[in-house]
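# could you look at this predicted model? Sequence included:
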Amino acid sequence: VGAAFDRVVAMPLARVRGEAPPAVPLLPTAGTASAPAETDEHLNVKAAAQVVGSKCSERFQAMVACGDDAKRCADAAIALQHCVASVVCPDAAETFRSAAIRADKDPDAANEAYAAMNAALDEFQKDVKRSGARCFD
């Protein structure tokens with residue numbers, strides 16, 4: 001139960017408060033001012049970032065506006081992560097959604113699905129940083 005709380009509540013809340021790096025590229029990071037050479041991969045990442053920005057902007061705003069309410073912030077962060085994942089790693093997002101529904105019966109599966117989705121989001125964040133793309137302005 002402690003690991004589930006850490007992954008589902010504590011980590012997203014730490015990310016919202018700036019105590020841990022975000023799972024999605026919410027703001028431009030240092031070094032993205034000059035655009036790298038455009039490659040097919042960068043164009044694909046930029047296209048995905050644009051889709052994420054338009055599809056997930058309401059969830060991003062909900063996370064930004066959650067204030068000090070830990071549960072509200074955690075719920076908003078998870079909703080945002082799932083939204084982004086539905087664009088960049090839809091299989092992992094669906095696996096997490098299905099596992100989250102059954103979390104009370106199989107918390108280990110929910111933890112594993114969340115970790116897999118989070119790992120895919122971390123890779124997307126690295127790709128976004130390399131490409132110079134931005135999801136949210």
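Perfect, I can see it now.
# any low-confidence regions in this structure?
1-43 (pLDDT under 70).
# if you set the cut-off to 50 instead, what comes out?
For the chain, residues meeting the criterion pLDDT under 50 lie at 1, 4-5, 25-36.
# and stretch 63-77, how far apart are its ends?
Distance between the two ends of stretch 63-77: 6 Å, counting by CA to CA, to the nearest Å.
# what comes up buried for it?
M63, C66, R72, C73, A74, D75, A76, A77 (16 or more other CB atoms under 10 Å). (Each C-beta comes from the backbone N, C-alpha and C, glycine too.)
# so the closest residue in space to A62 that isn't next to it in sequence is in which element?
Excluding its sequence neighbours, the residue lying closest to A62 (CB to CB, 6 or more residues apart in numbering) is A76, at 4.5 Å. Here A76 sits within helix 70-88, counting by DSSP states H and E.
# I'd like the next helix or strand past that helix.
Following helix 70-88 in sequence, per DSSP H and E, is helix 90-101.
# so what's F136 closest to, chain neighbours aside?
Nearest one to F136, counting by CB to CB, 6+ apart, is F60 at 5.1 Å.
# which helix or strand contains the one you found?
helix 57-64.
# got the angle for that helix vs helix 70-88?
150 degrees (axes from the mean of the first three to the mean of the last three CA atoms, to 10 degrees).
# pull the longest helix from this protein.
Looking across the chain with DSSP state H, the single longest helix is helix 107-131.
# what angle sits between that helix and helix 90-101?
Using the same axes, to 10 degrees: helix 107-131 against helix 90-101 is 150 degrees.
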